[in-house]
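heads up, no residue letters with this:
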């Protein structure tokens, strides 16, 4: 099942696993959704910080870009006031790592879904 690759990619970035759902890989879609949402929530629970876009500090900017790669969950966490971060918490750096890696993995999954949608990769 092939679809519009651009639309598939945008939907995949918004919701983890949604791109694979659109190309007919339901089992993978469910697994990706559960794993990435769990990683994001663990990052918040570990007192990770949702970084703002600050061009003055390149590492903070890159971390913010990575976190925004799970668009709806990042937006929802921001609206809920979560992710303030607690620098003195023992798990603070682990939380940041979980949040950043969840976003970066979602980018890779979105690219995979785009490749499947455009027929460049077999199902």
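In hand now; what should we look at? The shown structure was predicted, so the numbers you read here are calculated from the model rather than taken from an experiment.

Check which helix or strand the most far-flung residue of the chain relative to its centre maps to.
When distances are taken from the C-alpha mean of the chain, residue 88 lies farthest, 25.3 Å away, according to C-alpha atoms, centre = their mean. If you go by DSSP states H and E, residue 88 is not part of any helix or strand.

Distance check, it against residue 109.
According to C-beta to C-beta, to the nearest Å, residue 88 and residue 109 sit 34 Å apart. No exception for glycine: its C-beta is placed from N, CA and C like everyone else's.

Could you do residue 15 as well?
Taking C-beta to C-beta, one finds residue 15 at 11 Å from residue 109.

what about these two, which has more around it?
residue 109 (24 against 19; other C-beta atoms under 10 Å).

Give me the phi and psi for that one.
phi -70, psi -40 (degrees, to the nearest 10).

Enumerate every residue touching it.
With contacts defined as C-beta atoms under 8 Å, 6 or more residues apart in numbering, the neighbours of residue 109 are 12, 16-17, 19-20, 32, 36.

low-confidence ranges in this protein?
For the chain, the stretches with pLDDT under 70 are 1-2.

ok so, going back, a markdown table for the contacts of residue 109, including neighbour count?
Converted to a markdown table, the contacts of residue 109 look like this (neighbours: other C-beta atoms under 10 Å):
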| residue | neighbour count |
| --- | --- |
| 12 | 28 |
| 16 | 29 |
| 17 | 25 |
| 19 | 31 |
| 20 | 26 |
| 32 | 24 |
| 36 | 22 |
